[in-house]
Structures are given as C-alpha cells and as structure tokens.
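Visitor: Turn this into a model:
(one chain, ligands or ions: 1)
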Amino acid sequence: MLPCRIGLLKSILKSTARICYCEKGVKVAGQPSLIFIHGFASSKRTWLSVIKHIPHTYHCIAIDLPGHGESIGFNEEYYIGANVIDLLKQFFDKLHFIEPICLIGESMGGSIVAMFATKYPFDVGIICLLSPPPGEEYETDLLQQLRSGTYHSILPETLKQYHAAVKSLSEKKIRLTRLLTKKYFKTHLHTVNQYQRILQIAFEHDYPNLGETYKQLKYHTCPAFIIWGREDKLCHPAGAQYLAKLLSKSELIIFDDCGHLITVDKPEETADAIINFLERNPYYESRL
Ligand SMILES: CCCCCCCC/C=C\CCCCCCCC(=O)OC(CO)CO
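Guide: Presented below is the predicted three-dimensional model:
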C-alpha cells in the first residue's frame, strides 16, 4: 500500500493549497522519479492499478490535482492551467528530486504534462501522454458535447447516465455492482458543481490553446511516450499520430480493446510499456 502525504504549499495565490499525494519507493540517483497526473474528475487512486505493476526499484508519486481527490483548500483560480502548472512547479521543488522527472499524465492530466513541459523544460526528463485531448482540430462528438456545456457523458447525474458513461469510456465489462454505483453517487454527486466549474474554466482558458501548447512541444528534445486506446470515443485516436509527429523523440503505442480509460482497461500493459520505454531511453540520453 502506498502511504499518503500532504504537501502544504504557501501558494502564489491568496489561499493556501494542499496537494495530497501517494508515494512508493525512494529517489534513486541516475533514475527519474515517476510522477503520475490523473484526468478530469479523477484522482491519484486511478494510478494504483498501474503503479502496483511498476518495479519497487522505481520512485513513484501520484498526486491529486486542485479540486480533486483529497487535495483541498483551493479556489477557482487553481482551475486555470497556468496556475496549476506553477503550483506543480512549487510542489516539485519542495520534493527536491535529484534528477529531471518523468511526468506521466492521463487525459486532461496529459494536457497538464504538456503544459508543464513547455513551461519548465529543464525539470522534465521524459514525458508520457495517455490519450490527452488533442485540441479542437481532432474533436470527437463527445468532446464537442462537453464543450457546448452538456457534461453527463463524463459527469453522470442519474443511474442511466452513469451506466452509459462507463460503457462509452471503457471497453472492459465492468460489473456495476450496487456497491460501486452507490459509492460513485455518494462521492461524486455532491462535487458535480465543482467539477462543472473546472470544465467550464478549462474550456474557456486552456482548451482553445491546446494546439499551440502541443506545437511548442516540438522544440522539446526529451523522449516522449504516447499511449492511446483504439476504441477511445472521447479523445480521438488520430491525436496519437498527430502528437507523435510533433514530438521529436517520440514513440507511440495503441492498445486494442481499450477505450478512453486506459488505466482501467490496460493497467498492467501500461506499466510494462512505460518501464520498457524508460529502459530503452536511459536517463543520460534525455540530457543531450
Ligand atoms: C485542475 C484544473 C486543470 C485545468 C487545466 C486544464 C488543461 C486542459 C484543458 C482542457 C481539458 C478539457 C477536458 C477535456 C476532457 C478530459 C477528459 C478526461 O480527463 O477524462 C477523464 C474521465 O473523466 C479520464 O480520467
């Protein structure tokens, strides 16, 4: 089991921010720490299924983003990408990593990884992007629907919407027991308004600039690993090729029988693929 810690930050903004995180292993000289960033309306918990397959010799940290999981004490300013990036920078500085980090982000977390890498290139040694929203050029119907303000496909509020959401985001035959469903409605329903705000702000501020953000990545020389699910209905799989072309040292893997939720559909395969990529891209190369 991963111990949970709270990193208390005197924030750049008025309020005090707390980033809650889980940690496995210790920092190792010559090896990047792996930092996992979850997607929208998710939390560090989604990574546990992946991290349990990462060898103990690696240092892993999974964080809760502002407004998510057990990270608390935020105001709306923290839902603006630039502020999230600076908050993460402060947080990483406090942890005193010995090497440039390996940043791994799923979905919206992947966009955050891309934004972080463009703003603080020297802090980052390797990036892994798991089906990030590829920007307006590659928009799916589902994403268009979200952008126009209909959120139930990822923020279900009724039992029917909940079943439909799970079905469209994952290829796994998840047996929705009453316990699982009850848990969702207990933990999520009261935060629906907050999540809606996060989406509104993201679509207003950062989403329109995603194309530009990804384009800036082409000046980035760190190795980049892109992972996608062939059956992704939310973030278009064409985004995989698009990003792979933009990034100079990139590699791409597309999982069959895999929807948008890669950490649900292919947790072990994801861990294995990331470790394999890291071992084929030794840390010293990323400094060149
Ligand atoms: C904390 C505030 C961060 C603000 C920074 C925003 C930067 C990104 C800009 C726009 C993203 C729009 C979101 C598109 C849908 C994401 C789908 C997604 O994450 O899927 C989840 C399941 O819900 C998978 O785990």
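
Visitor: Please count neighbours and contacts with C-alpha atoms only from this point.
Guide: Fine.

Visitor: I'd like to know how many residues surround residue 184.
Guide: For residue 184, the count of nearby residues is 14 (other Cα atoms under 10 Å).

Visitor: in a strand, that's where it is, yeah?
Guide: No. The secondary structure assignment for residue 184 gives helix rather than a strand, going by DSSP: H, G, I helix; E, B strand; the rest coil.

Visitor: now it: how far from residue 41?
Guide: Residue 184 sits 11 Å away from residue 41, going by Cα to Cα, to the nearest Å.

Visitor: Going by residue numbers, what spans are strands in the stretch 101-250 of the chain?
Guide: Along the stretch 101-250 of the chain, the stretches classed as strands by DSSP state E, counting those that start in this stretch are 101-106, 124-130, 224-229, 250-255.

Visitor: list the contacts for the closest residue to the ligand within the stretch 151-288 of the chain?
Guide: Ranked by Cα to the nearest ligand atom, the top residue of the stretch 151-288 of the chain for proximity to the ligand is residue 207, at 4.1 Å. Contact criterion Cα atoms under 8 Å, 6 or more residues apart in numbering gives 135, 136 as the residues in contact with residue 207.

Visitor: at 10 Å what do you get?
Guide: Under the criterion of Cα atoms under 10 Å, 6 or more residues apart in numbering, the neighbours of residue 207 are 81, 108, 111, 133, 134, 135, 136, 147, 199, 200, 201, 213.

Visitor: got it, and residue 260?
Guide: 106-107, 130-132, 168-171, 228-237.

Visitor: Could you verify my assumption that residue 36 touches residue 102?
Guide: Yes. In this structure, residue 36 is within contact of residue 102 by Cα atoms under 10 Å, at 8.6 Å.

Visitor: between these two, what contacts are shared?
Guide: With Cα under 10 Å, 6+ apart applied, the overlap between the contact sets of residue 36 and residue 102 consists of 60, 113, 128.

Visitor: what would the residues you listed look like in CSV with distance to residue 48 and pLDDT?
Guide: Rendered in CSV, the data for these read as follows (distance: Cα to Cα, whole Å; pLDDT from 0 to 100):
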residue, distance to residue 48, pLDDT
60, 10, 97
113, 19, 98
128, 17, 98
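
Visitor: which residue is nearest the middle of this protein?
Guide: For the chain, the residue whose C-alpha lies nearest the mean C-alpha position (Cα atoms, centre = their mean) is residue 109; its distance is 2.4 Å.

Visitor: does residue 138 really touch residue 233, like I thought?
Guide: No. The pair formed by residue 138 and residue 233 falls short of the contact definition of Cα under 10 Å, at 11.6 Å.

Visitor: re the thing from before, can you pick the most crowded of the contacts of residue 207?
Guide: Neighbours here mean other Cα under 10 Å. Within the contacts of residue 207, the largest count is held by residue 111, at 27 neighbours.

Visitor: ok, now which ones touch residue 231?
Guide: If a contact means Cα under 10 Å, 6+ apart, then residue 231 has 168-171, 237, 254-261 as its contacts.
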